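Undergrad: no FASTA, just this:
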């Protein structure tokens, strides 16, 4: 603008400050110093204590050489140390790298080397695998042992420092660093990598701040909410909830392991208001022994992602006192960026219709500026008819900075001004999107696109079925045909022909699975179905059949 | 950072978009198209209609020459057109200039010329004063008449266009402009100018977005809130609530005039959840005739600013079903930037203690990064003892860009990296601030600083007193002494000596007013006490006395 509004109205420290989630904790500690911030078994920390512990840890890290742009890795369960790392690491300018604790040693070693990690804080229960990883890797990060007092067993000490001693050696008045620029990196999260090498997804302070507030705004989370940690914090920085809860001065209820008994007990003991997790967490809650379940005094909000919640589970959760909201996102968009924003009038519909509506991924978070489904060749939005499949794309401030040390993958993912998710979906006339498949999971049979998810949904409707995965199997005539991997519930029996008859009720002939394979389904450490391995299996079986 | 995190991780349109409140309306219209956005008497607009109307108006403005950095002025009551202007003007790149409708013609002419206004949308009920202003001013803005259908009288048409016809001539698919940079100006609001020339306070898209969300986050405003417009939208853009309500897909209930009967009727008719205003609005509500008052089904949130709410008013409001939150801010910080963030345990205290706590201005909004009280010479924070007076200062993203065409005033206000508010206050040990006076209103008697507000609070405690204002009067011996202007309630009588005795119970001798003046108190068009004029009066009276 060359006008009156662009003269002598510059940014100054008085009117422009970097957006960062760090100021949210500083505010909470100032306004609610004596309110409880963290509960973990018998331990309780007030906001004042939480903030002081973070400053001490940041001070220790700083004294030990961590500065702007240095990676600090953590291999931690959902314990207070994990929350502290989310603030303390960026407080000294560092970049937090939270490792999926279910990975094997070589994957851990790869990440530590790739992120050029300078320090590693590890729960001693993981000492064995961490030792293995750090001896095989190239770099030599300083290791800090987190000895969790709540652990039942003693584990080997492998680090140079004890976490609590290190923290206590820090200065509680440490003058922590604001980011120089809100675009500075705050964390790196590696994709689980169902195909190829894991990629390091880099988040920045601006995006983390906006999603931290975005969770609060989009989900109407009230002051002093009580949040139960059933979602692993190593997963997209716990969808930014470690930062969100500071916005409302709420309580983090920590939880090492997702166990039904502990969840039910904590829900009532601490009057939990919110929790998050994949549908498997809901199943864990619902499938608990009856004597473990309790009556909830107030409705509890459950945010789920990763897969659409099945109708039966929704009904069971509703009856148990939970209000389930369906979210969708990817590591590349800080976790959730899309919400099934529920219209109150939909609650009047029959259960089946509600489940159908709730299975849709929905609309953009406020903090995401753009969400659409594109014909990716022409880069034109698909018609809003609920049918035409295109690629789901995101644009806005909660899209990652890019992939660490991978300029070409970053460029590919960000081309045409949109982040290309690789997920396939449709848009309904009301603008709500629904996923139909991963780009690489679509089955092309006789030139027709078949959504593996559509077939999976039909199989899930069968009451004997507990889990399914549908992939493409090679076929001489059709190119590909669907192959269904099926896990049955304990004590249930079904034949291929019975399942095929079941499918015929719902699916067009060309979409019917050609093969049914019964038995356990391969999953990654984060519980994602390993479709790459299943495709290999399907291919072998198909070849075997055609050779007969 | 010269590290791995600063290489090949640039901002692109995919991962960086300007923050602007405009995307909030676009989202609301997309997600809740059929939900009601605006109710005004018999008129109702859905979010889809609201958005379309804004795009049409923006299209009309664009066609008529409004582009980036052009000022569009409005002289409007709290009608739908005022809400539309808050989106449509920035949608074509323009800067919104909302004029205080209580100003006189010369003040309006000054603002229009100073802002170099290109267009003026004016409610026809203001035609007479607008005519007078536009004939005396130098520039010649295009005038658009807003003919409010709800007006009981016909008013002269003075414009070149009729608002509704102009709007309807626009293109509903207008491809509205995102700001080029989130630092671009979105509006200009003139200070009421109790001293000197009014200054044009410039807001930007980033700050407007952050406070729009900040209102929601800081005040825990839920989805589909119902907001009654008792606060004039020309006042700091209605504290950014025209944009906030889009965040939650809520309802704007418009209101031309603050009248008790209309307020009570609308509160129940539309199940209003939130409203804002100065304490005078609360008095209007509480002092209504008994037959006008109604029982509120749910507690209603009332946000008040401009003056601490007196204890009796708080008790009355509580009994009437309102929950009152005390906010504080200035035009220079987008309206409210400080909140008396209420601790639930305080509600257990006696009413008087609650009122004392509630009279404090409080703590920073989330969207404000810094708030403190400084010794402004040394630029050191005052001790947190609730006693040491210093200047209240702000820093962060909801501090204005600066004063329009006034580089020196901007520089002065922003020096040392903090916005200098000119308000004097103290900080309590818990970090909550309380105002003690305006810098220019402090009374210096015999070298001692006397807070005019402290004396006013004592006078307000007297049940016969309805309004007070204390200013400095010149005094030969002491330099200055306090002079109290007092309005008594209807039918009440008090003498100077009686009031002086009253004050002695609470105030040290040197703080006792030397003069009491009974009668109506001069106020500005926004209801602010005109201390400049009162000081002139006090000076004359003091001279008259000493001449005797």
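TA: Good, I have the coordinates. The structure presented is a predicted model; accordingly, all values stated were derived computationally and were not measured. Numbers count the residues shown, from 1 in each chain, chains lettered A, B, ... in the order given.
Undergrad: going by C-alpha atoms from here, please, whenever you check contacts or count neighbours.
TA: Will do.
Undergrad: okay, now the domains of chain A?
TA: A:20-206, A:442-547 (automatic domain parsing).
Undergrad: out of the ones you listed, nearest to chain B?
TA: Set against chain B and scored by Cα to the nearest Cα, the domains of chain A come closest in domain A:20-206, at 5.9 Å.
Undergrad: just how off-centre is that closest one within its chain?
TA: For domain A:20-206, the separation from the chain centroid amounts to 18 Å (computed by Cα atoms, centre = their mean, to the nearest Å).
Undergrad: hang on, the earlier thing: deepest of the domains of chain A, which one?
TA: Each of the domains of chain A was given a mean neighbour count from mean count of other Cα atoms under 10 Å in any protein chain shown, and the largest, a mean of 21, is that of domain A:20-206.
Undergrad: tell me the mean pLDDT over stretch A:319-327?
TA: Per-residue pLDDT over stretch A:319-327 has a mean of 95.
Undergrad: contacting residues around it?
TA: Identification of contacts with stretch A:319-327 by Cα atoms under 8 Å, 6 or more residues apart in numbering or on different chains yields A:286, A:295-296, A:298-305, A:308-309, A:314, A:317-318, A:336-342, A:358-362.
Undergrad: which of those are buried?
TA: Among these, those scoring as buried are A:286, A:300-305, A:308-309, A:314, A:317, A:336-342, A:358-362 (criterion: 16 or more other Cα atoms under 10 Å in any protein chain shown).
Undergrad: what's the angle from the helix or strand where residue A:209 lies to helix B:205-218?
TA: Here residue A:209 sits within helix A:205-218, counting by DSSP states H and E. In this structure, helix A:205-218 runs at an angle of 40 degrees to helix B:205-218, with axes from the mean of the first three to the mean of the last three Cα atoms, to 10 degrees as the basis.
Undergrad: counting by contacts, list what helix A:205-218 packs against.
TA: Contact partners of helix A:205-218 among helices and strands, from 3 or more Cα pairs under 8 Å, 6 or more residues apart in numbering or on different chains; DSSP states H and E: strand A:185-190, helix A:241-247, helix B:205-218.
Undergrad: next structured bit after it?
TA: The first helix or strand that comes after helix A:205-218 along the chain, using DSSP H and E, is strand A:226-228.
Undergrad: same for that next one, what does it pack against?
TA: Counting by 3+ Cα pairs under 8 Å, 6+ apart, strand A:226-228 packs on strand A:251-253, strand A:274-277.
Undergrad: would you give the sheet partners of that strand, along with the direction of each?
TA: With DSSP bridges as the test, strand A:226-228 is paired with strand A:251-253 (parallel), strand A:274-277 (parallel).
Undergrad: continuing past the first one, what's the next helix or strand?
TA: What that stands for is strand A:251-253. Proceeding N to C from strand A:251-253, the next assigned helix or strand is helix A:260-269, under DSSP H and E.
Undergrad: could you tell me the phi and psi values at residue A:426?
TA: The main-chain torsion angles of residue A:426 are listed as degrees, to the nearest 10 and equal phi -130, psi 160.
Undergrad: look up how far residue A:366 lies from it.
TA: Taking Cα to Cα, to the nearest Å as the measure, residue A:426 and residue A:366 are separated by 21 Å.
Undergrad: phi, psi of residue A:175?
TA: Dihedral angles for residue A:175 - degrees, to the nearest 10 - are phi -80, psi 80.
Undergrad: do you know how far it is from residue B:371?
TA: Look at residue A:175 and residue B:371: by Cα to Cα, they are 17 Å apart.
Undergrad: re earlier: so which of the strands paired with strand A:226-228 is the most surrounded?
TA: Comparing those by mean neighbour count (mean count of other Cα under 10 Å), strand A:251-253 comes out on top with a mean of 25.
Undergrad: list of residues touching that strand?
TA: So strand A:251-253 is in contact with A:36-40, A:224-229, A:245, A:266, going by Cα under 8 Å, 6+ apart.
Undergrad: repeat that for 7 Å
TA: Residues external to strand A:251-253 that are found in contact with it (Cα atoms under 7 Å, 6 or more residues apart in numbering or on different chains): A:36, A:37, A:38, A:39, A:40, A:224, A:225, A:226, A:227, A:228, A:229.
Undergrad: wait, a strand at the fourth one?
TA: By that I understand residue A:39. Yes: the assignment for residue A:39 (DSSP: H, G, I helix; E, B strand; the rest coil) places it in a strand.
Undergrad: please name the bridge partners of the residue lying closest to it once chain neighbours are set aside.
TA: The shortest distance from residue A:39 to any non-neighbouring residue, by Cα to Cα, 6 or more residues apart in numbering or on different chains, is to residue A:253 (4.9 Å). Taking DSSP bridges as the rule, residue A:253 bridges to residue A:39, residue A:228.
Undergrad: cool, residue A:302 as well?
TA: Beta bridges link residue A:302 to residue A:275, residue A:324, judged by DSSP bridges.
Undergrad: and the stretch 151-300 of chain A, which residues reach chain B?
TA: Taking Cα under 7 Å from any Cα of the partner chain as the criterion, the neighbours of chain B within the stretch 151-300 of chain A are A:185, A:217, A:220, A:222, A:223.
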